[in-house]
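> could you work out the structure for the sequence below:
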Amino acid sequence: MAMGLLAHHLERRGMTARVHSAGTIGWGGPATAHAVEILAARGIDLSDHESRRLSPAFVAEADLVLGMTRDHVTGSLNHDPSARDRTFVMGEVVRLGRKVGPRRPEQSVRDWCAEVATLRLPNRPPGIGGDEIADPVGEGLTVYQRTADQLDRLCEELAALLLPDGSPAETIDIDPV
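Just a heads-up that it's a prediction; the model follows:
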C-alpha cells in the first residue's frame, strides 16, 4: 500500500518517481485482496502488483529507502550498510523531515535524506517505536483501512517534504520495503 500511496502523492505534486516495492521476506505474489480493495476506493490500482524480494541492487539504486518497521530498515541495511543516510522507517523520515523542512530546489533527494539522517540519535539504530507501522497482512479489512489511513497521511506529508509547492518536477527512485 505504501508504494501505491506514495507514488500517488508524488504524482499529484508533479514528481515522476519510480516507486518500487520489495519485501524482506521471500514470498512472491499479488497484493492482498484487502490492499487492492482499500486503494481502489482511493483511485489507486494495485491489481497488477507483484511482490518481490529486496536485493542489494534495489537498495543501491534507490534515492530513498523506506521501511514500515525498524526490522525492515535493518533488513535493507544488511543489503547495503552504506545506504544508512537514505534508509528510514516511514514515520521517522517524516518526523525528522519536519525538523529539517522541505527539500530545497537545488538539493537532491539523497542530500535531503542525508541532512534528515543527521538528526538521528548517535550510535542508535534508525527509528523509534512510534515511527513504525504494523504490517496488516493476515488482518481484516478494518485493520487494512487504519493502516492505509496512517500510510496515506505519512505519504502525503513526505511528498510535500520531497517536492514542496512550486518546485520543478523531477524523476527519483524510492523503494518502500
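> shaky segments in the chain?
Within the chain, the ranges that satisfy pLDDT under 70 run 23-28, 166-177.
> what segments of this protein are helices?
Per DSSP state H, the chain carries helices over the ranges 2-12, 33-40, 56-61, 70-79, 90-100, 109-117, 141-162.
> which of those sits closest to residue 21?
Comparing the helices of the chain by their distance to residue 21 (Cβ to Cβ), the top pick is helix 2-12, with 3.8 Å. All C-beta spots, glycine's among them, are computed from the backbone N, C-alpha and C.
> give me the buried positions along the closest one.
2, 3, 4, 5, 6, 7, 8, 9, 10 (16 or more other Cβ atoms under 10 Å).
> let me know the closest of those residues to residue 20.
For residue 20, the nearest member of these is residue 3. The distance, counting by Cβ to Cβ, is 7.0 Å.
> excluding its backbone neighbours, what's nearest that closest one?
The spatial neighbour of residue 3 that comes closest, neighbours along the chain excluded (Cβ to Cβ, 6 or more residues apart in numbering), is residue 21 at 3.8 Å.
> distance check, that neighbour against residue 106.
In this structure, residue 21 and residue 106 are 30 Å apart, going by Cβ to Cβ, to the nearest Å.
> neighbour-wise, which of those two wins?
Relative neighbour count places residue 21 above the other of residue 21 and residue 106, with 23 against 6, counting by other Cβ atoms under 10 Å.
> which positions in stretch 45-61 come out as buried?
For stretch 45-61, the buried set under the neighbour-count rule, 16+ other Cβ under 10 Å, comprises 46, 49, 54, 58, 59.
> make that stretch 138-149, sorry
When neighbours are counted by 16+ other Cβ under 10 Å, the buried residues of stretch 138-149 are found to be 144, 147, 148.
> so what touches it?
For stretch 138-149, contacts defined as Cβ atoms under 8 Å, 6 or more residues apart in numbering pick out 1, 5, 32, 34-35, 37-39, 42, 133-136.
> burial check on residue 162, number of neighbours?
The burial metric for residue 162, expressed as a neighbour count using other Cβ under 10 Å, is 26.
> out of the buried residues of stretch 138-149, who's nearest residue 102?
Relative to residue 102, and with distances defined as Cβ to Cβ, the nearest of these is residue 148, at 24.6 Å.
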